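> pasting the sequence and the predicted coordinates here, then a few questions.
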Amino acid sequence: MATTGRAAEQENPSAEVAGAGTQSRPQDVPAPATGTDEKIAELEDRWRRAVADLDNVRKRHVAELRRETEAERARVAAAWLPVLDNLELALTHAEADPSAIVHGVEAIREQAVRLLAGLGYPRDDETGVRFDPNRHEVVAVVEDPATEPNTVTGVVRPGYGTDRHQLRPTAVTVSKSRE
């Protein structure tokens, strides 16, 4: 029984190798379907484009984040300019009326406290409250029979911020427990 074409090649493996100018292919690897190479090339192209798009998105995000950071820094610095202007004004008037400088500096301090509160960092200088390690930093422990143990008895340095966003904890003295 004579076979022709593909069937002959499958029966006679040496026929494929004997062909001049043809590529040799292992017997167990099927020939690629028509259009497979084109499909692979198309998928590789789409993959490369997706990777390039992702890289461009990352670069745009980094640039946008940098712009936003600079803009926020500029907003905060601009908010402090009136405080600086008032300090300079107080120093200018200090020569004419030295007692006025105290009043001017107090007003500027209040302006700075309001500015920090407006930025989300209110002043914390409360005494008589229970010690909170999330808000307070103990700098001294004192005996005070008039207060409950672990009560803030004094503020050494005010803190600024909220429980979630603290700029600086309040440095406090705390009453110790009675023994």
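Good, I have the coordinates. Residues are numbered from 1 along each chain as shown.
> distance between stretch 69-79 and the chain's centre?
Offset of stretch 69-79 from its chain centre (CA atoms, centre = their mean, to the nearest Å): 17 Å.
> show me what the longest helix belonging to the chain is packed against.
If you go by DSSP state H, the chain has its longest helix at helix 36-94. If you count contacts as 3 or more CB pairs under 8 Å, 6 or more residues apart in numbering; DSSP states H and E, helix 36-94 packs onto helix 100-118. (Each C-beta comes from the backbone N, C-alpha and C, glycine too.)
> before we move on, back to that, got the angle for the longest helix of the chain vs helix 100-118?
160 degrees (axes from the mean of the first three to the mean of the last three CA atoms, to 10 degrees).
> average pLDDT for stretch 138-152?
For stretch 138-152, mean pLDDT is 92.
> actually stretch 60-79, sorry about that
So the average pLDDT for stretch 60-79 ends up being 94.
> switch to numbering from 14
Sure, I'll start counting at 14 from here, so that last one is stretch 73-92.
> name the residues of it that are buried.
By neighbour count on 16 or more other CB atoms under 10 Å, the buried set for stretch 73-92 is empty.
> I would like the residues contacting it, please.
The contact list for stretch 73-92 (CB atoms under 8 Å, 6 or more residues apart in numbering) reads 128, 131-132.
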